[in-house]
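Student: what's the 3D shape of this:
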Amino acid sequence: MGVDGIMVMPALVYSSKPHETAAHFRSVATATDLPIMVYNNPPIYKNDVTPEILATLTDCDNIVCFKDSSGDTRRFTDLRNTVGDRFVLFAGLDDVVVESIAVGAEGWISGMSNAFPREGETLFRLAIQKRYDEAMALYRWFMPLLHLDARPDLVQCIKLCEELLGRGSEVTRPPRLALERGDPPAGDRDSRAGHGDAPGAAGRGPVGRGAMMSEKQITAGRQFIAGRRVASGEATLLSLRAVDGAATGHRFYPASCEEAAQAAQAAQQAFSLYAGTSPELRARFLRRIADELDALGEDFLAIAHEETALPPARLQGERARTSGQLRMFADLLARGDLFGGAHRYCPGGAQAGSAARPAPVPDRARPGGRIRRQQLPAGVLHRRRRHRVGAGGRLSGGGQSASRTYGDRRADGAGGGPRGRGLRPARRRV
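Tutor: The predicted structure is shown next:
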């Protein structure tokens, strides 16, 4: 099945004696070569794997990790004093993670990070780097949600949060049932979906800087469906440089019919959830999209320049315009001005509904003369047959497809430039 390791719990019903607990872990370690993590959760399983018990297992080479969910952060210091650095220690309870890392935990197995992966990753990174001032601001915001990980019904709480954030379903396997409407974690729909932006969510704090979607994720070439990156097909499309048709090295997986159906189903489910949210929550959603777009670095713009031949300054401006429009609509939502009225741009600060006429849309500036003089192809004319860049920088192909460069199209009065009709970035199947 491809399992890389196993996490082993003590007896679930019988409260075993210390030597019986040790014998249980030793027998499992003897039966497998896989690395083992010992899981300690005495509040739930009523068996405490103490430092003394763990000390008797140091000779089991494949017992390598220890996850502690006791909630007692003194345990990590006691473990270091007893077994040194023999085992890698993991925090297993969400609402004591910063304290656990401060006293020796090297990892964190988190429940609530399934619903809030960005915030969880950022909190862990700040704590590991001992940037406690930044970590505590996020920790205080996150704490009401992290407390849910310590409840007996933590699974229902986490899955409910996932559903509200569009990443899953609150449905659980029996005997666990969905939370009742009057249960505090359920509450009303808006309060369940969030309680304000996390510190740094606007791109200035820890979340905005380090945990936004990266250029590597953007160019992974996979479909992004319901919070997951998927690619069921094997054939890929290869991105080409607009100026000369050379391969860029970025590969993309064509979406299958099954993936398209999954996306449609996810969109339908998300619509039902989104339709019941308040304008304030929708505004926060739009601002988060804008924040993630702004957080993409220069590499993202370099890729867009490669595939379109548009100037970097133009691409940077287009990104700023898009994120600005998202925030503008978010402000309209937050003020309640988006519904029940007509919206029109009026020059000179004139109010909508006045006699002022909307300003005319300016013509797009043509590309600079330096680009036109080079007469390099800005893309590939897509026809039924494949095209390639031939000698002299011209596009060549067979059959009915005419070969034309950017300069030819300009001379024909077709508009020219990377935005000229019929020109677009090319991708070929490999």
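Student: the strands in the stretch 1-150 of the chain, which residues?
Tutor: 6-8, 36-40, 63-68, 88-91, 107-108 (DSSP state E, counting those that start in this stretch).
Student: show me the contact partners of the longest one.
Tutor: Applying C-beta atoms under 8 Å, 6 or more residues apart in numbering, the external contacts of strand 63-68 come out as 7, 25, 29, 35-40, 49, 54, 57, 75-76, 79, 87-93, 100, 105, 107, 109. No exception for glycine: its C-beta is placed from N, CA and C like everyone else's.
Student: looking at the strands of the stretch 1-150 of the chain, which is closest to A320?
Tutor: Of all the strands of the stretch 1-150 of the chain, strand 107-108 sits nearest to A320, with 36.1 Å by C-beta to C-beta.
Student: and the contacts of that closest one?
Tutor: Taking C-beta under 8 Å, 6+ apart as the rule, strand 107-108 contacts 65, 88-91, 97, 100-101, 120, 124.
Student: what pairs with that strand, parallel or antiparallel?
Tutor: Next to strand 107-108 in the sheet, as set by DSSP bridges, lie strand 88-91 (parallel).
Student: show me the contact partners of the strand it pairs with.
Tutor: By C-beta under 8 Å, 6+ apart, strand 88-91 touches 37, 64-68, 76, 79-80, 97, 100-101, 104-109.
Student: pull out the buried residues from stretch 248-263.
Tutor: Neighbour counts over stretch 248-263 (16 or more other C-beta atoms under 10 Å) mark 248, 250-255, 259, 262-263 as buried.
Student: then the host helix or strand of Q268 to PDB, C-alphas only?
Tutor: Here Q268 sits within helix 257-275, counting by DSSP states H and E. Only the C-alpha atoms of helix 257-275 are listed here, as PDB (Å, rounded to 0.1, in the frame of the first residue of the first chain):
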ATOM      1  CA  CYS A 257     -13.900  14.800 -18.100                       C
ATOM      2  CA  GLU A 258     -14.000  13.400 -14.600                       C
ATOM      3  CA  GLU A 259     -12.100  16.400 -13.200                       C
ATOM      4  CA  ALA A 260     -14.400  18.800 -15.000                       C
ATOM      5  CA  ALA A 261     -17.400  17.000 -13.400                       C
ATOM      6  CA  GLN A 262     -15.700  17.300 -10.000                       C
ATOM      7  CA  ALA A 263     -15.100  21.000 -10.500                       C
ATOM      8  CA  ALA A 264     -18.800  21.500 -11.500                       C
ATOM      9  CA  GLN A 265     -20.000  19.600  -8.400                       C
ATOM     10  CA  ALA A 266     -17.600  21.500  -6.100                       C
ATOM     11  CA  ALA A 267     -18.800  24.800  -7.600                       C
ATOM     12  CA  GLN A 268     -22.400  23.900  -7.000                       C
ATOM     13  CA  GLN A 269     -21.700  22.900  -3.400                       C
ATOM     14  CA  ALA A 270     -19.700  26.100  -2.900                       C
ATOM     15  CA  PHE A 271     -22.500  28.200  -4.300                       C
ATOM     16  CA  SER A 272     -25.000  26.900  -1.800                       C
ATOM     17  CA  LEU A 273     -22.600  27.800   1.000                       C
ATOM     18  CA  TYR A 274     -21.600  31.200  -0.500                       C
ATOM     19  CA  ALA A 275     -25.300  32.200  -1.000                       C
END
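Student: who does that helix touch, helix- and strand-wise?
Tutor: strand 223-225 (3 or more C-beta pairs under 8 Å, 6 or more residues apart in numbering; DSSP states H and E).
Student: the buried residues of stretch 248-263: which two are farthest apart?
Tutor: T248 and Q262 (28.0 Å).
Student: OK, contacts around T82?
Tutor: 51-52, 54-55.
Student: only whichever of those are buried, select them in ChimeraX.
Tutor: In ChimeraX syntax, the buried subset of those is picked out as below (16+ other C-beta under 10 Å):
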select :51,54
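Student: got the contacts of T82 as a markdown table, with distance to H147 and pLDDT columns?
Tutor: Converted to a markdown table, those look like this (distance: C-beta to C-beta, whole Å; pLDDT from 0 to 100):
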| residue | distance to H147 | pLDDT |
| --- | --- | --- |
| P51 | 27 | 97 |
| E52 | 30 | 97 |
| L54 | 28 | 96 |
| A55 | 32 | 97 |
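Student: export the contacts of T82 to TSV and tack on distance to I44?
Tutor: TSV is the format used below for the contacts of T82 (distance: C-beta to C-beta, whole Å):
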residue	distance to I44
P51	20
E52	21
L54	19
A55	23
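Student: out of the contacts of T82, flag the one nearest to L177.
Tutor: L54 (36.3 Å).
Student: thinking again about what came up before, just the ones of the contacts of T82 in helices?
Tutor: Among the contacts of T82, the ones falling in helices (DSSP state H) are 51-52, 54-55.
Student: determine which two of these are furthest apart.
Tutor: Farthest pair in the ones in helices among the contacts of T82, by C-beta to C-beta: E52 and L54, 7.4 Å.
Student: wasn't G249 part of a strand?
Tutor: Yes - G249: assigned to a strand according to DSSP: H, G, I helix; E, B strand; the rest coil.
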